[in-house]
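Novice: Need the 3D shape of this:
(one chain, ligands or ions: 1)
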Amino acid sequence: MATVNNPALAAFCAAIGSELVLGQVLLRRLAAGYDLRHVSDRMAEEAHLQGVAHHTLRALAGHTAVGEFRPIKAAPNLRTGWVCRVSSGAELESALNQLYPGALADWFAVLQAERGEVPCVPVTSYREFTARQTGMYRNTTSLTDPQAAQVIRACCDARFCLKRRWWTVEGLAPDSADAKSLIPCLEPCAVMLEFARKAARIEQEEGKPSLTLAPSEVASLLAALDIALTYPTAGQREADLSAADNPRRLQLLRGKLQASAPMPSKGAGE
Ligand code: SF4
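Specialist: As a prediction, the model looks like this:
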């Protein structure tokens, strides 16, 4: 393979070793180049996979297996059933940039901080990020720290995104190293911003019913939400945050319910 001049790419190639998993992509070193495929296709015969060129991976990563748009490319719903062979550093960089845009540069930024080559990981906190917002996104500053933490937990849950969140808000720790994947998230993304805007609007809604629930009833609601999250409605669009059954909204509601109610005591409701 030709010499790699890009320091981020050179460091990444060195980190691959014989193989490495990035998000949901398994990269395996070959005699000349790399084999890229979905990690769940690790054992699949190459003849059973669809060969794709590195420059077509953006289209592959754009939609789920059932044709739904993937607004977050690090969402854990990358299609399976394909294999991409690259023979040069430039092709590997192209493949990575299409599967996980920006991941290589962000991964290298974290590596440089860990090596002490730069003072710290260059993150933008929720407060710094939302303080810059104008217009309809200005309301994202109105969430209190605990509210923002709930919104972040829901939005960035591993169910929806495999990036390791390095940025945070007061009272919420960053994701741990083993929580998700090697792909760092260094600042809130567009989906996060839109979700925070929607969550702030929900907080500001008037006419909230006052409802007292027994712990067993809370447990039933949590079970119902888990079912809804595990078996999403057909045709549900991840980025449609105006939909009451949007998975992130359900996850946020789940977090609020869990935080506000004690678990039922053993035997309750029997
Ligand atoms: S802000 Fe959250 S959902 Fe968005 S890319 Fe980062 S970790 Fe993923």
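
Novice: from the chain's centre, how far out does stretch 153-166 sit?
Specialist: From the chain centre to the centre of stretch 153-166 is a distance of 4 Å (C-alpha atoms, centre = their mean, to the nearest Å).

Novice: same check, this time on stretch 50-60
Specialist: Offset of stretch 50-60 from its chain centre (C-alpha atoms, centre = their mean): 21 Å.

Novice: tell me which residues of that stretch are tucked away?
Specialist: Val52, His54, Leu57, Leu60 (16 or more other C-beta atoms under 10 Å). C-beta here means a position set from N, CA and C on the backbone, and glycine is covered the same way.

Novice: Quick check: the two most widely separated of these?
Specialist: The span of these, defined through C-beta to C-beta, is set by His54 and Leu60 at 10.4 Å.

Novice: okay, and for the stretch 51-200 of the chain, where does confidence drop off?
Specialist: Scanning the stretch 51-200 of the chain for pLDDT under 70 picks out no residues.

Novice: Common neighbours of His54 and Leu60, please.
Specialist: Both His54 and Leu60 lack any common contact, where contact means C-beta atoms under 8 Å, 6 or more residues apart in numbering.

Novice: Kindly report the residues of the protein close to the ligand.
Specialist: Counting by C-beta under 6 Å from any ligand atom, the positions of the chain adjacent to the ligand are Ile72, Ala74, Cys155, Cys156, Cys161, Lys163, Arg165, Cys185, Pro188, Cys189, Val191, Met192.

Novice: Which one (most neighbours) among the residues you listed?
Specialist: Scoring the residues of the chain next to the ligand on neighbours with other C-beta atoms under 10 Å, the highest-scoring entry is Cys156 at 28 neighbours.

Novice: Now do the contacts for the nearest residue to that residue once chain neighbours are set aside.
Specialist: Nearest residue to Cys156 in three dimensions, chain neighbours excluded: Arg165, at 5.1 Å (C-beta to C-beta, 6 or more residues apart in numbering). Counting by C-beta under 8 Å, 6+ apart, Arg165 makes contact with Ile152, Cys156, Pro174, Asp175, Lys180, Cys185.

Novice: And the helices in the stretch 51-200 of the chain?
Specialist: 57-62, 89-99, 103-114, 126-131, 145-155, 190-204 (DSSP state H, counting those that start in this stretch).

Novice: Export those helices as CSV, with columns for distance to Cys13.
Specialist: Formatted as CSV, those follow (distance: least, C-beta to C-beta, whole Å):
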stretch, distance to Cys13
helix 57-62, 18
helix 89-99, 7
helix 103-114, 10
helix 126-131, 32
helix 145-155, 32
helix 190-204, 30
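
Novice: So which of these is nearest Leu26?
Specialist: Nearest to Leu26 among the helices of the stretch 51-200 of the chain is helix 89-99 (11.5 Å), distances taken as C-beta to C-beta.

Novice: In terms of secondary structure, what does the closest one contact?
Specialist: Where contact means 3 or more C-beta pairs under 8 Å, 6 or more residues apart in numbering; DSSP states H and E, helix 89-99 is packed against helix 7-16, strand 33-38, helix 57-62, strand 82-86, helix 103-114.

Novice: Including distance to Ala196, could these go into a markdown table?
Specialist: Output for those, formatted as a markdown table (distance: least, C-beta to C-beta, whole Å):
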| stretch | distance to Ala196 |
| --- | --- |
| helix 7-16 | 30 |
| strand 33-38 | 31 |
| helix 57-62 | 25 |
| strand 82-86 | 34 |
| helix 103-114 | 21 |
